[in-house]
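1. just the structure for this:
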Amino acid sequence: IDMPAKVASPSMPYGMWGRPFVSETGQLHHRVIDLTKIKTHLGYKDLFKAKEGLKKTIQYYLDNPPDRGGEIEKRLNDRFDYEVEDKLIGKYKEDIEKLSSMFPIDRWRHPYPHPAEPKLKKDQRDR
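-> Predicted coordinates:
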């Protein structure tokens, strides 16, 4: 679910490396790691592709769920409070619907005469 960082705080540990924080403006500060030096100077190569690694990680946690409030949960910085997350998602979708209904959706039209076919003197709006 795509939502502003200021309200998506339960998911921050998964989208961040290190210590994420949200500024007063609601902007999420993030880091991107460049592995060029370790690859070129030390010959580092990934053992498997990211997609495969993600699948393995998910399967591991499905097979070995962390204890509620335990060490792994604390390290992951995740409360695993799915009920609260589901409420957040539901309220967010509801509010987005209300906000988007404030303005009618008009069909976009090119601001200049724009005939749909070559050699037409006027476009479909008679311009």
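2. what sits against Lys56?
-> Phe48 (C-beta atoms under 8 Å, 6 or more residues apart in numbering). All C-beta atoms are positioned from the backbone trio N, CA, C, and that covers glycine.
3. quick one: buried residues of the helix or strand hosting Ile96?
-> Assigned by DSSP states H and E, Ile96 falls within helix 82-100. Of the residues in helix 82-100, Glu85, Leu88, Tyr92 count as buried by neighbour count, 16 or more other C-beta atoms under 10 Å.
4. pLDDT value on the nearest residue to Ile1 once chain neighbours are set aside, please?
-> Distances taken as C-beta to C-beta, 6 or more residues apart in numbering place Ile89 nearest to Ile1, at 5.2 Å, with adjacent residues excluded. Looking at Ile89, its pLDDT stands at 92.
5. ok, Glu94 next?
-> 94.
6. before we move on, back to that, I'd assumed Asp2 was in contact with the residue nearest to Ile1.
-> No - look at Ile89 against Asp2 with C-beta atoms under 8 Å: they stay out of range, at 10.8 Å.
7. quick one: Asp34 and Leu47, what's the gap?
-> 19 Å (C-beta to C-beta, to the nearest Å).
8. just name the shakiest helix or strand of the chain by mean pLDDT.
-> strand 21-22 (a mean of 56; mean pLDDT, DSSP states H and E).
9. any weak-confidence spans in the chain?
-> For the chain, the stretches with pLDDT under 70 are 10-32.
10. where along it do the strands fall?
-> 21-22, 28-29 (DSSP state E).
11. quick one, what contacts Lys49?
-> Taking C-beta under 8 Å, 6+ apart, one finds nothing in contact with Lys49.
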